[in-house]
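Student: The following comprises the amino acid sequence and a computationally predicted model.
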Amino acid sequence: MIETRAVVVRAGEGKVWVRLLEHHGGCGRCDEAGGCHAPRLAEMFQSRGRTFAVDDPLGLHVDERVKVMIENGVPLRAALRSYGLGTVLALGGAALGVWLAPVARADLAAATGLILGIVVMLFVLTIRSRRGGSARWRLRVERDEENTVAGCMGIGHGT
């Protein structure tokens, strides 16, 4: 189980919106000499205040600390499905375009096939994301009893 700590920033309608509290990098050597600095690069392309909606079977409250969890292997399978499917469809479309086109128009056919492969990939991934996937693909939350923050009058939510 992969987990990280977060805080609830909004609750309602059977969902909570959480903001991650921990900064995650790959191997932990990001800022050392020869490190990849990948987390810094990722921060340039995403906002720090990003929140995520998660199903709330626990009745959580705003400012409550939680653990957000997902099954091991889910991120890898998701990456393989999206990037792998995209690569196969894009290259397959390009190859099919070259195979079907006359030699004089092979480059145009390859580019057209590549674009059509990407369009098909986007269509397939959109349909899959609208279905919601199985429960094992979803983020789950549980109360973070170790880091409960005292609420009004020193009373912690969820204790």
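Tutor: Looks like it came in fine.
Student: quick one: L20 and R128, what's the gap?
Tutor: 25 Å (C-beta to C-beta, to the nearest Å). In this view, the C-beta of every residue, glycine as well, is placed from N, C-alpha and C.
Student: repeat for M1
Tutor: M1 is 23 Å from R128, where distance means C-beta to C-beta.
Student: So between the two, which is more surrounded?
Tutor: Neighbour count, other C-beta atoms under 10 Å: between M1 and R128, R128 has more, with 14 against 9.
Student: List the residues that contact the more buried one.
Tutor: Going by C-beta atoms under 8 Å, 6 or more residues apart in numbering, R128 touches R81.
Student: Helix or strand for it, just tell me which one.
Tutor: Secondary structure from DSSP states H and E places R128 in helix 106-131.
Student: Show me what whichever helix or strand comes after that helix is packed against.
Tutor: Scanning forward in sequence from helix 106-131 by DSSP H and E, the next helix or strand is strand 140-143. Contacts defined by 3 or more C-beta pairs under 8 Å, 6 or more residues apart in numbering; DSSP states H and E place strand 140-143 against strand 51-55, strand 65-70.
Student: Which pLDDT value does the model give the nearest residue to R140 once chain neighbours are set aside?
Tutor: Leaving aside its chain neighbours, R140 sits nearest to M69 (5.0 Å; criterion: C-beta to C-beta, 6 or more residues apart in numbering). pLDDT for M69: 81.
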